[in-house]
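Novice: Please work out how this folds:
(one chain, ligands or ions: 1)
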Amino acid sequence: MATPMAVRTFSKSLPRSTASATSSLRLAARPSRANAAKQFFQQSSRRHYSSSHDASKSSNTGIVYGGVAAAAALAGGYYYFTTTGQERKKAGIPEGVPEVHLKKGSADQSVGIFTPTAEDYQKVYNAIAKALWEKDDYDDGSYGPVLLRLAWHASGTYDAATGTGGSNGATMRFAPEGEHGANAGLKSARDFLEPIKQQFPWISYSDLWTLAGVCAVQEMQGPTIPWRPGRQDKDVAFCTPDGRLPDGSKGHDHIRAIFGRMGFNDQEMVALSGAHALGRCHADRSGFEGPWTFSPTVLTNDYFRLLMEEKWGWKSWKGPKQYEDATTKSLMMLPTDVALIKDPVFRGWVEKYAKDNDLFFRDFAGVVKKLFELGVPFKEDAKPLTFKSTLEE
Ligand code: HEM
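Specialist: Numbering: from 1, shown residues only. Okay, here's the model as predicted:
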């Protein structure tokens, strides 16, 4: 059977001395999808991507107008071509996909409306995946974790009571929200995605960021996350107030207050937290330091396993209060993470996910889809798209 080191992963890998302490844990926790296909992928390496890039569309069509800018195009007297609901259905265009108005070159000449298809979104996915695998000189070898965090912080501002915030808007582009303490470090993720936005100017930032979150999870060997397009960017006036995202130094009441505000139940809160199998804390961003697991670029249920099976004590250092594992002292948990094993209801779910990676993957896929759709006014019959990961091809 393939071991984590034998298949292609982003990870530059943590020191072996620390990794060995839970190597049995990791082997047992490997998702069953670590199979021969992935080994083949590893061998075929980057040439794999040579056919996935499609710049033709964007380079031939010139400047693209979308959302608010479309109104400006109208004012300039450009021609519009509209498609009826029936035509869209016939062409296989998912419900809720916005039409994008295209302008040719510098002349005031319209080339019509671009209506992205499922294939077009797969091309965006492929471009993000390609960049993820190519730009491997970041952190533990991947931008994947920070891309997921960008998508989560864009979505996690949602307030169900007022219907404000959420992934529709991408208002973190603007200073008032981008500079919230919780968003420190996410500029690296936004900058990473900027060339993709240039390559596919028809996609909204809000769709791009959430699609990148989906791509990050899947490329880090997580489950397939169904995703729907249709988010529209909003202007600076829609920035959310500071304080809507969770504070890692707090306990179970805080978790329930923050995620309850978004509309999540206890089980969903625990499943979402499993994302901390990925990535790390950075002292210069959050003040906290270190990774939660030994494989921070591969999604597994190790976060739950480690929570249950390790002994967690306070780290002795000058930084904010955080936990470290007794065995290697190289892993960390936030107070909010440990709150999940202190609270009896949360703990029940941690136990379940620690024992059953498939259950975790199933629930994680469902709840991440819900997270990325917070505050998005999709049409009721909008059908989700699923993307092929490069590991599956
Ligand atoms: C109680 C809830 C949560 C708290 C308090 C929390 C807090 C944090 C903190 C303090 C960091 C470190 C940031 C840094 O220093 O760079 C972090 C990283 C991260 N969080 Fe969370 N988080 C929570 C929930 C979530 C959820 C729901 C997700 C996704 C579904 C998520 C995904 C991530 C990822 C992937 C990273 C790693 C980022 C990187 O490596 O740059 N977190 N989180």
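Novice: can you list the residues of the stretch 101-250 of the chain near the ligand?
Specialist: Contact residues (Cβ under 6 Å from any ligand atom) of the stretch 101-250 of the chain with the ligand: 145, 146, 148, 149, 152, 185, 246, 248. Just so you know, the C-beta spots here come from the backbone N, C-alpha and C atoms, and that holds for glycine as well.
Novice: just the buried members of those residues?
Specialist: Buried members of those, scored by 16 or more other Cβ atoms under 10 Å, are 145, 146, 148, 149, 152, 246, 248.
Novice: and the last one, which of the three is it?
Specialist: Three-state secondary structure (criterion: DSSP: H, G, I helix; E, B strand; the rest coil) places residue 248 in coil.
Novice: For it, which non-adjacent residue is closest in space?
Specialist: residue 334 (3.8 Å; Cβ to Cβ, 6 or more residues apart in numbering).
Novice: Do me a favour and get the backbone dihedrals for residue 281.
Specialist: Per-residue torsions, residue 281: phi -90, psi 150 (degrees, to the nearest 10).
Novice: Can you give me every residue that contacts it?
Specialist: Contact analysis of residue 281 by Cβ atoms under 8 Å, 6 or more residues apart in numbering lists 288, 289, 290, 291, 322, 332, 334.
Novice: Now do the same for the second one: its pLDDT.
Specialist: Residue 289 carries a pLDDT value of 98.
Novice: what about the closest residue to it other than its chain neighbours, neighbour count?
Specialist: Closest residue in space to residue 289, ignoring its immediate chain neighbours: residue 283 at 4.5 Å, by Cβ to Cβ, 6+ apart. Burial measure for residue 283: 12 neighbouring residues, criterion other Cβ atoms under 10 Å.
Novice: Go over the secondary structure and confirm residue 283 is in a strand.
Specialist: No. Residue 283: not assigned to a strand; according to three-state DSSP it is coil.
Novice: what about it, distance to residue 148?
Specialist: If you measure residue 283 against residue 148 using Cβ to Cβ, to the nearest Å, the figure is 20 Å.
Novice: how much space is there between residue 256 and residue 339?
Specialist: 10 Å.
Novice: same question, residue 118
Specialist: In terms of Cβ to Cβ, residue 118 sits 40 Å off from residue 339.
Novice: More neighbours: which of the two?
Specialist: Using other Cβ under 10 Å as the criterion, residue 118 and residue 339 rank with residue 339 on top: 21 against 16.
Novice: what sits against the more buried one?
Specialist: 250, 251, 252, 255, 346.
Novice: now the first one, nearest residue through space, not along the chain?
Specialist: Spelled out, it's residue 250. Nearest one to residue 250, counting by Cβ to Cβ, 6+ apart, is residue 336 at 6.0 Å.
Novice: does any part of the strand or helix carrying the one you found sit near the ligand?
Specialist: In the assignment (DSSP states H and E), residue 336 maps to helix 335-342. Yes. Contact of helix 335-342 with the ligand (Cβ under 6 Å from any ligand atom) involves residue 336.
Novice: Can you list the buried residues in that helix?
Specialist: 335, 336, 337, 338, 339, 340, 341.
Novice: residue in this protein nearest to the ligand?
Specialist: With Cβ to the nearest ligand atom, the shortest gap between the chain and the ligand falls at residue 279, namely 2.4 Å.
Novice: The nearest residue in space to that residue that is not next to it in sequence in helix, strand or coil?
Specialist: Leaving aside its sequence neighbours, residue 279 sits nearest to residue 145 (Cβ to Cβ, 6+ apart; 2.7 Å). Of the three states, residue 145 takes helix under three-state DSSP.
Novice: Roughly how far does residue 145 sit from residue 151?
Specialist: Taken as Cβ to Cβ, the span from residue 145 to residue 151 is 11 Å.
Novice: Distance of residue 259 relative to residue 152?
Specialist: 11 Å.
Novice: Helices along the stretch 151-300 of the chain, start to end?
Specialist: Counting by DSSP state H, counting those that start in this stretch, one finds helices in the stretch 151-300 of the chain at the ranges 175-178, 187-199, 205-219, 252-262, 266-273.
Novice: quick one: which of the residues of the stretch 101-250 of the chain next to the ligand is nearest to residue 373?
Specialist: Using Cβ to Cβ, residue 152 comes nearest to residue 373 of these, at 12.6 Å.
Novice: Who are the contact partners of the residue nearest the centre of the chain?
Specialist: Nearest residue to the geometric centre of the chain (Cα atoms, centre = their mean): residue 213, 1.9 Å. Listed by Cβ under 8 Å, 6+ apart, the contact partners of residue 213 are 147, 148, 150, 151, 152, 225, 368, 372.
Novice: Quick check: the gap between the third one and residue 167.
Specialist: With distances defined as Cβ to Cβ, the gap from residue 150 to residue 167 amounts to 11 Å.
Novice: Now list whatever residues contact both of these two.
Specialist: What both residue 150 and residue 167 touch, as defined by Cβ under 8 Å, 6+ apart, is the set residue 209.
Novice: if we can go back for a sec, hang on, the residue nearest to residue 289 packs against residue 317?
Specialist: No. Using Cβ atoms under 8 Å, residue 283 is not in contact with residue 317; the gap is 9.7 Å.
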